[in-house]
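Chemist: got a structure for you, letters missing:
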């Protein structure tokens, strides 16, 4: 027998979505789909949501749905205009409510956060931040959210003071998958010493970045450098550039990494030699904590 | 009536090739093809060459063919092992001679140049360098050959002393064509002031590179920054990184740019505020001068 959800939490990104069916005592189910914002027209969001969670809706009555991520972008279901820094992580008070056909759904989409200068935006990470702050309301320091577009976020007095996005993950994917380097870095191998050395190299002379990239190709042609070494070095060069560029964020502050364990480990390895104080938490469930905080806010 | 060539010059790169039919008084014809090294198996090179120039071969006798570029790579027609710096631009003495079926062809492939540390390679540019040095044998300074993989080359006493390759052009193509920035930089527009400012920004804080890239996206979302401005700024950020990274090459030396006029102009604009002494020459025909120098060497 299918359980009926009390409310539904949705993390709806560009390329996929996750929905948690929530009961009185917590999660009663989880569904995923590859119909991210990028794969849907505006009128495709509600049908996709119903396809995923329709069985868990009651015959009558209303089920709250709290969503975050690119679903609130201009090209999404309904634009949720950015809240601007400095600001608390946005909650239901700033959410938008798209019109729906099925009267059982009451959907609220949380907005992202923008920064005027340097120009920057986030959509989705602000809800991870809300989830972290729900458990650590007195936190004063820096959250680093590694990913395709890694975010460094300065938190103080329960507010997002400032943040900065680095395209590290996306550039790694482009260079390792589609550039002249792809043959030199193929496979999944890893060489931690090469990573560490490359981080140091990039931090000490970041302006050599695009030349050092080509040296990976030359090294594999001339010296037969193994792909695992070149791959780790590519990752380390990008990471060193980021760590050097984010110095004003991590220097002298407490840092918490919120990401997948593998990515967290890379950032930890790069930050440790700098004497930075780093702890970590798995990012996978923290967005749910943020959606839950918004839901609880809406119930009071 | 088709003219018979005295000899044939070939610039055979990864994605295309150009062959010049040479008579007593110079060029008597030019043919191009998109059958670059990347599109051919080892036994496909001779048939492609015959398809292009077969009409210009005599019924009997031998026609010298001098080729340079990726045709001499390991995956090419016949590997022409790199000559290592410091060295003169390689000539026919270092060329390799692939076996051919048509007895009228005598093909020689010029080798590229490698450098042990930092690891680096070139194939094709060394022949442009030879062409430049044929006309300016006393040159002492730096040649910059802009392109997908821009080369900075220190020349002294008729030798390639050292060189460094920057992946600037390839990274611009990847970021502008395939990254999240592609919508923000679409089209062919240009904003010279934005380029100039970005060069300065990147030179003064190269470690901010991947964060400044994401600001292009944020700027177009938040401020409606025009694509022409973002495109020029993307180019300027990459250029500034390169100019800063190549400083040991250009500082206090005479610089000659050897490239397409549009690319030369960008490098000139970026170098001018540094007080660098820059002149330029169109790269399109200079490789032919290098092939001619090798042919003349082979005749003596």
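Modeler: Alright, I've got the coordinates. Source: prediction; values computed, not measured. Numbers count the residues shown, from 1 in each chain, chains lettered A, B, ... in the order given.
Chemist: Would you mark the buried spots in stretch A:50-66?
Modeler: A:50, A:52-53, A:56-57, A:63-66 (16 or more other C-beta atoms under 10 Å in any protein chain shown). Where you see a C-beta, it was placed from the backbone N, CA and C, and this is true even at glycine.
Chemist: Now flag whichever of these is closest to chain B.
Modeler: residue A:66 (23.5 Å; C-beta to the nearest C-beta).
Chemist: Who are the contact partners of the closest one?
Modeler: Neighbouring residues of residue A:66 by C-beta atoms under 8 Å, 6 or more residues apart in numbering or on different chains: A:7-10, A:92, A:95, A:108, A:110, A:291, A:294-295, A:298.
Chemist: try 7 Å this time
Modeler: A:9, A:108, A:110, A:291, A:294-295 (C-beta atoms under 7 Å, 6 or more residues apart in numbering or on different chains).
Chemist: What are the phi and psi values at it?
Modeler: Per-residue torsions, residue A:66: phi -110, psi 120 (degrees, to the nearest 10).
Chemist: Check the one 3 residues further on too.
Modeler: For residue A:69, the backbone dihedrals (degrees, to the nearest 10) come out as phi 110, psi -160.
Chemist: immediately after the one helix or strand in chain A whose mean pLDDT sits lowest, which helix or strand?
Modeler: Within chain A, confidence by mean pLDDT, DSSP states H and E is lowest for strand A:277-282 among all helices and strands, at a mean of 91. Using DSSP states H and E, the helix or strand that follows strand A:277-282 in sequence is helix A:286-299.
Chemist: buried residues in that following helix?
Modeler: A:286-295, A:298.
Chemist: That helix packs against which elements?
Modeler: strand A:7-12, strand A:63-68, helix A:125-135 (3 or more C-beta pairs under 7 Å, 6 or more residues apart in numbering or on different chains; DSSP states H and E).
Chemist: Mean pLDDT and distance to residue A:177 added to the ones you listed, as a markdown table?
Modeler: As requested, those are exported to a markdown table (pLDDT from 0 to 100; distance: least, C-beta to C-beta, whole Å):
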| stretch | mean pLDDT | distance to residue A:177 |
| --- | --- | --- |
| strand A:7-12 | 98 | 25 |
| strand A:63-68 | 98 | 28 |
| helix A:125-135 | 97 | 24 |
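Chemist: Dump these into CSV; add distance to residue B:80 as well.
Modeler: Putting the helices and strands packed on helix A:286-299 into CSV (distance: least, C-beta to C-beta, whole Å) gives the following:
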stretch, distance to residue B:80
strand A:7-12, 55
strand A:63-68, 57
helix A:125-135, 51
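Chemist: out of these, nearest to residue A:37?
Modeler: For residue A:37, the closest of the helices and strands packed on helix A:286-299 is strand A:7-12, at 6.4 Å, according to C-beta to C-beta.
Chemist: That closest one - which strands sit beside it in the sheet, and in what orientation?
Modeler: Strand A:7-12 has the following strand partners under DSSP bridges: strand A:17-23 (antiparallel), strand A:63-68 (parallel).
Chemist: For the longest one, which outside residues touch it?
Modeler: Think strand A:17-23. A:3, A:5-11, A:27-33, A:35-36, A:52-53, A:56, A:288.
Chemist: rerun that using 6 Å as the cut-off
Modeler: For strand A:17-23, contacts defined as C-beta atoms under 6 Å, 6 or more residues apart in numbering or on different chains pick out A:5-11, A:27-33, A:36, A:52-53, A:56, A:288.
Chemist: what angle separates that strand from helix A:286-299?
Modeler: Using axes from the mean of the first three to the mean of the last three C-alpha atoms, to 10 degrees, the direction of strand A:17-23 lies 50 degrees away from that of helix A:286-299.
Chemist: Quick check: next helix or strand after strand A:17-23?
Modeler: Per DSSP H and E, the first helix or strand lying C-terminal to strand A:17-23 is strand A:26-33.
Chemist: Against which helices or strands is that next one packed?
Modeler: Here strand A:26-33 touches strand A:17-23, going by 3 or more C-beta pairs under 6 Å, 6 or more residues apart in numbering or on different chains; DSSP states H and E.
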